[in-house]
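Q: structural data only, the sequence is not supplied:
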């Protein structure tokens, strides 16, 4: 059994771990192993929203084509996912999630892409555009996978670990994040709004928390597929809807429940929740205590206990706690319930 924290990032703890001595996880879990030379990554969520319709407006189709071309540039991301959902205001939203393990490449790529995505030529009543990006140090994010098929930022890693001990109990995500060895990750002042003409920027909050947590049921069939879709997924959707609609009462600034899309825009048998939190502690509290997450956890445990090692459902997540200078939030023509716009308190 390995430690989730790689040896080159391990240090003497001044913050207590939740892991109990001799803990044996109830099921296998693995983490992404990045080379010691990788000290920072970049994760950029580039989104477009428009009123649900049979076909997206021309400005949306053009923008997505331009973004796909930008992602093929020499400094473009090493991996891109495309995902979609319909938000609480009835807007269809398509998001490209781009990942880099060389932040210098991201820094060179970003200015021209930002102008392409959020420039004046995109200002239209037919659509809204946004960028939500973080550039966390490798001490500031953690991953967990139930299998050897990586997703998200884990696709950039050199390899996966062997089985790790720090999972299967409340507080495991905190124990897997290297910085928590010495830092409680207390949140800074809440984010604030900066109006910049047609654009709105959100001033960062120190130790803002981001989670992407996904499910892949593409390998399931028969009874297992019905069990996931009829018993587990409804509980998951209820929890995602709660965080979307009422998450502000427990520290969740915004939540999206998305389906991954193929190159033609068709939905895959993969979904993920993606949410921004005031603090990692409040994310922990929801996972440990809230009825909606208890229902998700209970349904998942019944599923896994029934199927055991034969289960084909694949699970993964990544949690980031970003410093204030590692964040960028910018919106053009978006409704006020979009992303971090929901979280802002004052305009300056």
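A: Thanks, I have it. Worth saying up front: this structure is predicted, and the values here are computed from it rather than measured.
Q: surely residue 236 is in a strand?
A: No - Residue 236: not assigned to a strand; according to DSSP: H, G, I helix; E, B strand; the rest coil it is helix.
Q: and the gap between it and residue 317?
A: Using Cβ to Cβ, to the nearest Å, we find residue 236 at a distance of 13 Å from residue 317. Heads up, the C-betas are built off the backbone N, CA and C, glycines and all.
Q: buried residues in stretch 68-82?
A: Residues of stretch 68-82 classed as buried by neighbour count (16 or more other Cβ atoms under 10 Å): 70-71, 75-77, 79-82.
Q: now do the end-to-end distance for that stretch.
A: 10 Å (Cα to Cα, to the nearest Å).
Q: what's the spacing between that stretch and its chain's center?
A: Distance of stretch 68-82 from the chain centroid (Cα atoms, centre = their mean, to the nearest Å) equals 18 Å.
Q: contacts for it?
A: 42, 44, 94-102, 105-106, 108-109, 112-113, 116, 152, 155-156, 260-261, 263, 265 (Cβ atoms under 8 Å, 6 or more residues apart in numbering).
Q: my guess is residue 207 contacts residue 281, does it?
A: No - using Cβ atoms under 8 Å as the test, residue 207 is too far from residue 281 to be in contact (9.7 Å).
Q: who's more crowded, these two?
A: residue 207 (22 against 16; other Cβ atoms under 10 Å).
Q: next one: the more buried one from residue 187, what distance?
A: From residue 207 to residue 187 the distance is 5 Å (Cβ to Cβ).
Q: overlap of the contact sets of the two?
A: Common neighbours of residue 207 and residue 187, using Cβ under 8 Å, 6+ apart, are residue 279.
Q: how about the contacts made by the residue sitting nearest the centre point of the chain?
A: Most central in the chain under Cα atoms, centre = their mean is residue 212, positioned 2.6 Å from the mean C-alpha point. Residue 212 makes contact with 97, 152, 272-274, 317-318 under the criterion Cβ under 8 Å, 6+ apart.
Q: buried stuff in stretch 242-261?
A: Buried residues in stretch 242-261, counted by 16+ other Cβ under 10 Å: 242-244, 247, 250-258, 260-261.
Q: which among these gets closest to residue 299?
A: residue 242 (14.7 Å; Cβ to Cβ).
Q: my guess is that closest one meets residue 296, correct?
A: No - between residue 242 and residue 296 there is no contact under Cβ under 8 Å: 10.3 Å.
Q: beta partners of the closest residue to residue 147 other than its chain neighbours?
A: Distance criterion Cβ to Cβ, 6 or more residues apart in numbering; nearest residue to residue 147, sequence neighbours excluded, is residue 314 at 4.9 Å. Going by DSSP bridges, residue 314 is paired in beta bridges with residue 216.
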